[in-house]
Each structure stands twice: as structure tokens, then as C-alpha cells.
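Participant: Kindly return the folded structure for what I paste below:
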Amino acid sequence: MRAGHCWVYASEIADISDDASDGEAIEILDHRKRCLGIGLLNRQSQIVVRRFSSQKEELDQKFFRRRLETAAARRAAAEARRLVFSEGDQLPGLVLDQFGDCLVLQALTLGIDRRKGMLTELCRELFRPRAVIERSDVPTRKLEGLDECKAVLWGETDGRVTVHVAGVKFALNLLEDQKTGFFLDQVENYSEVASRCTGRRVLDCFSYHGGFALCAARAGASRVEAVEISEAAVVRARENARLNGLSGKIEFSCANAFDRLKQYDAEKRRFDVIVLDPPTFTRTKQNVEDAVRGYKEINLRALKMLSAGGLLATFTCSHHVGAELLRAIVVDAAADARKTVRLIKPLTQSSDHPILLAVPETEYLKGLLLEVV
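Facilitator: Sure thing, here's the model as predicted:
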């Protein structure tokens, strides 16, 4: 905690005073009764206290206003951006995203859930949105003793907005789409990968609404194929292609990416650029071994379809699969594929998802941009 982490686990606590209330502020003391800061308490969670400040101060409306203003000041202006990234902005349990004139708030902890009204008021005051939507429909809330929740907190909206991201129009439904409505963590990677796709054959696996595929097509890729298992997501991706005048330039397939990669490997298909952006393969340490096998399989099949000069952009959003493990997986897959790969650059989450070095949990998206040599 002195280095900057902000979680206190149940197993680390010697005593909690009788007057302490779940969801309310509590002073954190070390074994010598020295103050380590102020946090919000929840004895129903394994993370019993989440620290908001290393100083002894009131966690009142003025405090949250300052933190929101500071977080917003760090961000570049954009139609779609993450305004608050929980621990990354020293507001544990709060995620706040902006999509055009709508805000999406996610309350992941009891302490933040109790302050939704105040936070909505501050959002209205600071950002002047047309509507504030809550997307707290995440399973991790159960660990806090909370039910999943989705609602319009303020204003009137059906959740539908269109935003420009990386030079591409995306139609979103903030009340229904995954996460808070869009994968903002990949925005900078969309542009990075697309800049290398001109005149090349591109395969985008686990495509969802077509982020990488759309950006590659707009950048002048000669052929783009996008594979996504959700039929509803494929329908939306096709609509996004139409919005951008890219209909007919991307072949969308509703299929299991594992099966499609296996099929294309057997058919000896070839691509110049392949993107692997799968959902998390594990949320627990116990299942890391199974996850590693999954990551190795898709990377092996992709590498076999790339010739010399081909590019692979491969990602993991599994917290328990770190950057070094991802590299080891790719090295193992490359050896089996009899390919040598050169690291062009590591990839990570967009800069509006700040990483605190003392809080490794804030670095969850790891990626590699590689060239076959």
C-alpha cells in the first residue's frame, strides 16, 4: 500500500472497529496505528477495503468532483473515450465512459453503488451529457453482495448513438452492447494495425462489431475477412460497414474462430495480416493451463497461415495471462509452426485506461505486433 496499491484483503486485517459500516469511509491503519489512508469498506467482499486516498480526508462530493476533474483533464478530446478507469484513476470501483453526448457509468463495488446519485449529479454538472446510463450488469458485482443492474440514471435515451473512432463510424447501443457499449481499450490498436494493412489480405478473428476489420478496410486492405461467433454482432458489423461505405469490402462470417482457423489451416489459406483478439479465456488462476492451450492453438494456426513479411497482432485480456506468458506462448506456437517472428512492438490498452505500476491489475490488455521473418 505504501507503494501505491489500493486493496486491503480480508486476510490482511487484524481488526475492524465496531462503528464501521459497509459502503462507508474508513481509516486504514498499519500495525503501529499509522494512517495509510481512507477507503470504502465492504465486509461482504474478499477485498474488504478499497483505498481512495493516502491522506486522511473526507470522501465527500468535493473529493469526487476533484477526482473526476483530474481524470478528465488527463484525457484527449474524443467522441468516445474512457473518462474514469477505476483504480487507474484512484477511483476504485468506478468506470465512466463517454460516447458522444451520453455517459455510461459502471459501479463495480458497494461503495460506488451507494454513491451513484451523487456521481450522476457530478457527471451532469461537469460533462453536460444528454443522458447518463448505468451498465453495472457485470458478474463481479456478486462478489460485492450486489445484483447486476442496467438502467438510464438520468435523461432520455434508447441507448443508440453513432460515434467516430479511429476515423470510422460505429453504431452503438449503450444499453445492450458488451461492456459499456464498446471496446474502448483497443481504439489506439485499431489505428496501429490498420496503418500496416494497405494492399494486404487481412483476417480479423473474434471481430465483434468489426473494429479491426473496418479500420483495415478503410486503410485500403486488398481483402478483409472478419470472423465472429455472435450473429447479432455480425449484423451490427455489417451495418457499421454500410455506414462507412465499406459494404462488399469485408466478408463477415458468423463462426467459431477456433473452428474457422482450423479449417483455413487445413485448406492452407494465406493472409498477410491476422488479428487475434479473443475474449478472456480464464478469470481464475486455476484455469490458466487451459487458457494457455487455447491461446497457443489460435496463435499456432494463425502463424501457419502467414508467410515471410506477414503480420500477427495477438492479444490477451486475461489478467492471469501476463505479458511474459503471452510471449512464451507465441514462441512455443512459432516453434511448432516452424516460423521465426520479430517483435515490431508490444501492444497494450489505450492511454485512457491508465496503468499504475503498483497495481498490476490495471494492466489487463496485453498484445504483440509481430512479423514473420
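Participant: burial count for Glu12?
Facilitator: 10 (other CB atoms under 10 Å). Using the backbone N, CA and C atoms, a C-beta is placed for each residue, glycine as well.
Participant: One more: the one 10 residues further on?
Facilitator: Per other CB under 10 Å, the neighbour tally for Asp22 reads 17.
Participant: do Asn189 as well
Facilitator: The local packing count at Asn189 equals 25, with neighbours defined by other CB under 10 Å.
Participant: Contacts for the longest helix that the chain contains next, please.
Facilitator: Criterion DSSP state H: the longest helix present in the chain is helix 288-304. For helix 288-304, the external contacting residues (CB atoms under 8 Å, 6 or more residues apart in numbering) are 203, 205, 257-258, 261-262, 264-265, 274, 276, 278, 281-282, 312, 314, 316, 318, 320-321, 325-326, 329-330, 332-334, 336-337, 339, 341, 372.
Participant: Check stretch 333-352 too.
Facilitator: Counting by CB under 8 Å, 6+ apart, the neighbours of stretch 333-352 from elsewhere in the structure are 74-76, 81-83, 85, 184-189, 192, 296, 299-300, 303-304, 306, 311-313, 315, 323, 330, 355, 363-373.
Participant: follow-up on the earlier one: show me which of the contacts of helix 288-304 are buried.
Facilitator: Applying 16 or more other CB atoms under 10 Å to the contacts of helix 288-304, the neighbour count classes 203, 205, 257-258, 261, 264-265, 274, 276, 278, 281-282, 312, 314, 316, 318, 320-321, 325-326, 329-330, 333-334, 337, 339, 341, 372 as buried.
Participant: From these, which land in helices?
Facilitator: 257-258, 261, 264-265, 325-326, 329-330, 333-334, 337.
Participant: farthest-separated two in the residues you listed?
Facilitator: Within those, two members stand farthest from each other by CB to CB: Tyr264 and Leu325, at 25.9 Å.
Participant: give the contact list for Lys268.
Facilitator: Contacts were defined as CB under 8 Å, 6+ apart; by that measure Lys268 touches Met305.
Participant: if we go to 10 Å?
Facilitator: For Lys268, the contacting residues are 304-305, by CB atoms under 10 Å, 6 or more residues apart in numbering.
Participant: Phi, psi for the most far-flung residue of the chain relative to its centre please.
Facilitator: Distance from the centre of the chain peaks at Arg32, with 38.8 Å (CA atoms, centre = their mean). In terms of degrees, to the nearest 10, the main-chain angles of Arg32 are phi -100, psi 10.
Participant: With the one 3 residues further on instead?
Facilitator: Reported as degrees, to the nearest 10, the phi and psi values for Cys35 are phi -70, psi 130.
Participant: Report the angle between the longest strand seen in the chain and helix 288-304.
Facilitator: The longest strand of the chain (DSSP state E) is strand 306-316. Between the direction of strand 306-316 and that of helix 288-304, the angle (axes from the mean of the first three to the mean of the last three CA atoms, to 10 degrees) works out to 150 degrees.
Participant: I'd guessed Glu371 sits against Leu311; true?
Facilitator: Yes: applying CB atoms under 10 Å as the test, Glu371 and Leu311 come out as touching, 5.6 Å apart.
Participant: mind listing the helices for this protein?
Facilitator: For the chain, the helices defined by DSSP H occupy 61-74, 110-113, 116-127, 187-194, 211-218, 231-243, 257-266, 288-304, 323-337.
Participant: Let me have those in JSON lines, adding mean pLDDT as columns.
Facilitator: Written out in JSON lines, the entries for those read as follows (pLDDT from 0 to 100):
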{"stretch": "helix 61-74", "mean pLDDT": "98"}
{"stretch": "helix 110-113", "mean pLDDT": "98"}
{"stretch": "helix 116-127", "mean pLDDT": "98"}
{"stretch": "helix 187-194", "mean pLDDT": "98"}
{"stretch": "helix 211-218", "mean pLDDT": "98"}
{"stretch": "helix 231-243", "mean pLDDT": "97"}
{"stretch": "helix 257-266", "mean pLDDT": "96"}
{"stretch": "helix 288-304", "mean pLDDT": "95"}
{"stretch": "helix 323-337", "mean pLDDT": "97"}
